[in-house]
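Visitor: take a look and give me a structure for this.
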Amino acid sequence: MSNGFVQGLPLDVRETLRSFLTDVTDLFGPSLEAVILYGSAAHGDYRPGRSNINLLLLLSKHDIGVLQRYGKEHRRWSKEQIVVPLFLTEQELRSSADLFPLEYLEIKEQHVLLAGRDPFPALAIDLRNLLVQCEQEIRGNLLRLRQRFVEGAGKPEGAAILLPLSFTALLPCLRGLCRLLKIPIPRMTDALLEGLQPSMGLDPVAFQDVLHLKRGLISPGSLEIPRLFERYVSSLQTLIERVEQLKAQGRL
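Guide: Numbering: from 1, shown residues only. From the prediction side, this is the model:
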């Protein structure tokens, strides 16, 4: 855990990761081949108290009994903001790389090897499915956002929870579109959003406001949240339209 980005994490998070490594090493034994940190904690955008800790456990085999025991242990780790890890064998990783290019590119380009051997440098990812997945994720994001808004009866407090969740899911798609457009991908989210206007012709203000909401930098009231929700949905719709235009122009 000598990587600079891990060293840049708060001390309590680093201690949590050390304890987690000890725990999963004891639990999985020789079947544990690697522990990989990805997401905001790996690319320098981690926010204490607000960001989750994402991990991938590379295993030589799956053992339902061990997974069940980990499930009991995970109740403790979830309190430390560690989400349920990805459990993969190397064969599963390689055979599914073409199906999930968006997720695997995110991990390949920004991850920290905490223990074991790193399978990502040698992982070949076919980009032919990347545009399809980006479009599918963005459109699905919009559909789910509408559904959950209705499920929550359109209440402002519900919308205030939905917006950061939707935005978090959108970020990999924005980076995926940057890859397809062959433009540099900024490490920090703020810079990524600032680049939307020159690279894609999008006004980033609604996305930036939701980022600020996610980080706790703004606290819109019950009157402003519905307006922010409406602006954000409109920006998602515009993004979908812009992707269609870029495809028609042969840029995607």
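
Visitor: quickly list the domain ranges of this protein.
Guide: If you go by automatic domain parsing, the domain ranges for the chain are 4-116, 127-248.

Visitor: would a markdown table of the ones you listed with mean pLDDT and mean neighbour count be doable?
Guide: Quick note: C-beta positions are derived from backbone N, CA and C, even for glycine. Listed next are the domains of the chain as a markdown table, based on pLDDT from 0 to 100; neighbours: other Cβ atoms under 10 Å:
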| stretch | mean pLDDT | mean neighbour count |
| --- | --- | --- |
| domain 4-116 | 91 | 16 |
| domain 127-248 | 95 | 16 |
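
Visitor: can you show me the strands along the stretch 1-150 of the chain?
Guide: Listed in chain order, the strands of the stretch 1-150 of the chain (DSSP state E, counting those that start in this stretch) span 32-38, 54-59, 86-88, 111-116.

Visitor: quick one: closest of these to residue 200.
Guide: The closest of the strands of the stretch 1-150 of the chain to residue 200 is strand 32-38. By Cβ to Cβ, the value is 25.0 Å.

Visitor: just checking, what packs against that closest one?
Guide: Applying 3 or more Cβ pairs under 8 Å, 6 or more residues apart in numbering; DSSP states H and E, one finds that strand 32-38 makes contact with helix 11-28, strand 54-59, helix 101-109, strand 111-116.

Visitor: looking at those, which is nearest to residue 188?
Guide: Residue 188 lies closest to helix 101-109 among the helices and strands packed on strand 32-38, at 14.1 Å (Cβ to Cβ).

Visitor: okay, the angle between the closest one and strand 32-38?
Guide: Counting by axes from the mean of the first three to the mean of the last three Cα atoms, to 10 degrees, helix 101-109 points 100 degrees away from the direction of strand 32-38.

Visitor: any idea how far helix 101-109 is from the chain center?
Guide: The chain centroid and the centroid of helix 101-109 are separated by 10 Å under Cα atoms, centre = their mean, to the nearest Å.

Visitor: same question for stretch 39-46.
Guide: 10 Å.

Visitor: first-to-last residue distance for it?
Guide: End-to-end distance of stretch 39-46 (Cα to Cα, to the nearest Å): 8 Å.

Visitor: can you list contacts of it?
Guide: With contact meaning Cβ atoms under 8 Å, 6 or more residues apart in numbering, stretch 39-46 is reached by 5-6, 8-9, 13, 47, 51-54, 110-112, 187-189.

Visitor: please repeat the previous calculation with a cut-off of 7 Å.
Guide: Applying Cβ atoms under 7 Å, 6 or more residues apart in numbering, the contact partners of stretch 39-46 are 5, 8-9, 13, 51-54, 110-112, 187-189.

Visitor: now do stretch 189-203
Guide: Contacts for stretch 189-203 (Cβ under 7 Å, 6+ apart): 45, 171, 174-175, 177-178, 181, 183, 185-186, 204, 207-208, 211, 238-239, 242.
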